[in-house]
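Trainee: give the three-dimensional model of this entry:
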Amino acid sequence: MNVFCKAAVCTAAGLLAFIAPQASAIQVSVGYDFATGTTGLKLVPGQEGELAGALANYAPAAQFGGFFSSFCVEASEVLYIGGPFNVTVSNSADGSGPLATRDVLSQGSAYLIERFALGTLAGVPFSLGDTTALFSYTNAASITALQQTIWFLEDDLDVGANRFDSLLNPIFGGTLKQDYTGSTVKVLNITGVNGERLQDQVVVVPNPVPDGGATIALLGLSMGGVALLRRKFAVA
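Mentor: Residues are numbered from 1 along each chain as shown. Just a heads-up that it's a prediction; the model follows:
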């Protein structure tokens with residue numbers, strides 16, 4: 001099924017598409033929650049790469065049927081229910097068309113996605129000037145508002161304004177659209193069976209893999225070297 005990002009939200013349209021598996025370090029399958037209009041991703045077993053364990057970063061409210069909920073970065077590209085699809089992890093959307101340029105994720109979008117994944121957006125006002133419309137993970141209007149705000153912050157589609165102004169403005173002020181420089185939230189650049197660019201998704205990634213104590217070991221070697229130098233100069 002073609003999930004096409006339109007002015008309302010990533011909307012399901014067309015026929016269910018099953019794509020043949022392709023060799024890749026990371027692959028995902030795509031799902032869709034018709035009740036809320038939420039797109040979801042599921043890592044293909046054995047093809048998780050650096051995203052292994054990503055589902056654990058999402059609160060139960062931000063999951064459905066084994067998929068973790070994700071949001072579109074570009075409004076003009078399509079995504080298909082099914083898969084698997086190949087994924088490259090980056091900090092920017094890869095654009096579309098012959099003159100496309102990469103667009104680094106904004107810090108406002110990253111903050112919203114991280115809050116969404118943690119399950120802490122519930123109860124946050126999402127309608128401009130209306131403090132009675134509160135975000136709910138099971139409410140399609142809430143999901144639509146979040147998707148539209150991400151498009152607004154990415155300058156990808158003019159949908160009016162930041163719907164989460166009461167949350168974001170006190171934190172970021174006029175810097176909402178500045179480039180995100182953290183490492184918790186990433187953009188998944190997704191490609192199809194023939195290498196065609198598909199709709200990029202923004203997700204919360206797992207914590208960096210521990211280095212097995214290598215850093216501590218190197219620090220120990222460095223301190224040992226300092227001690228030897230001190231002894232050498234002391235003897236001299």
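Trainee: check which element follows the strand of greatest length in the chain along the chain.
Mentor: Longest strand of the chain, by residue count under DSSP state E: strand 82-90. Sequence-wise, the next helix or strand downstream of strand 82-90 (DSSP states H and E) is strand 92-93.
Trainee: remind me what that following strand packs against, helices and strands.
Mentor: With contacts taken as 3 or more C-beta pairs under 8 Å, 6 or more residues apart in numbering; DSSP states H and E, strand 92-93 sits against strand 103-104, strand 185-191. All C-beta spots, glycine's among them, are computed from the backbone N, C-alpha and C.
Trainee: recalculate using a threshold of 7 Å.
Mentor: Contacts defined by 3 or more C-beta pairs under 7 Å, 6 or more residues apart in numbering; DSSP states H and E place strand 92-93 against strand 103-104.
Trainee: how far does the strand it packs on sit from its chain's centre?
Mentor: Centroid displacement of strand 103-104 relative to its chain, using C-alpha atoms, centre = their mean, to the nearest Å, is 13 Å.
Trainee: same question for that strand, mean pLDDT?
Mentor: Mean pLDDT, computed over strand 103-104, is 86.
Trainee: show me what counts as buried in the longest strand of the chain.
Mentor: Neighbour-count burial for strand 82-90 flags 83-87 (criterion: 16 or more other C-beta atoms under 10 Å).
Trainee: tell me the strands beside that strand, with direction?
Mentor: Partners of strand 82-90 in the sheet, by DSSP bridges, are strand 27-33 (antiparallel), strand 185-191 (antiparallel).
Trainee: touching the last one from outside, list them.
Mentor: Strand 185-191 is touched from outside by 73, 79, 85-94, 105, 110, 113-114, 197-205, with contacts defined as C-beta atoms under 7 Å, 6 or more residues apart in numbering.
Trainee: cool, and stretch 115-125?
Mentor: If you take C-beta under 7 Å, 6+ apart as the criterion, stretch 115-125 is touched by 57-59, 61-62, 131, 133-137, 146, 164, 166-167, 204.
Trainee: highest neighbour count among those?
Mentor: Phe164 (26 neighbours; other C-beta atoms under 10 Å).
Trainee: isn't that one up against Leu112?
Mentor: Yes - contact criterion C-beta atoms under 7 Å: Phe164 and Leu112 qualify, at 6.4 Å.
Trainee: so what sits against both of the two?
Mentor: Thr149.
Trainee: check the offset of stretch 49-64 from the chain's centre.
Mentor: 11 Å.
Trainee: and the contacts of it?
Mentor: If you take C-beta under 7 Å, 6+ apart as the criterion, stretch 49-64 is touched by 25-26, 33, 38, 40, 43, 68-69, 89, 116-119, 122, 137, 203-206.
Trainee: among those, name the buried ones.
Mentor: Neighbour-count burial (16+ other C-beta under 10 Å) applied to the contacts of stretch 49-64 gives 26, 33, 38, 40, 43, 68-69, 116-117, 122, 137, 203-205.
Trainee: which of those fall within helices?
Mentor: Taking DSSP state H, the ones among these that sit in helices are 116-117.
Trainee: including distance to Lys177 and pLDDT, could the buried ones among the contacts of stretch 49-64 go into CSV?
Mentor: Below are the buried ones among the contacts of stretch 49-64 laid out as CSV (distance: C-beta to C-beta, whole Å; pLDDT from 0 to 100):
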residue, distance to Lys177, pLDDT
Ile26, 28, 92
Asp33, 28, 95
Thr38, 24, 94
Gly40, 26, 96
Leu43, 30, 94
Phe68, 25, 96
Ser69, 23, 96
Phe116, 18, 97
Ala117, 21, 96
Ala122, 25, 95
Tyr137, 25, 97
Val203, 20, 91
Val204, 20, 94
Val205, 22, 89
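Trainee: from the buried ones among the contacts of stretch 49-64, which two are the most distant?
Mentor: Spatial extent of the buried ones among the contacts of stretch 49-64 (C-beta to C-beta) is set by the pair Ile26 and Ala122 at 29.9 Å.
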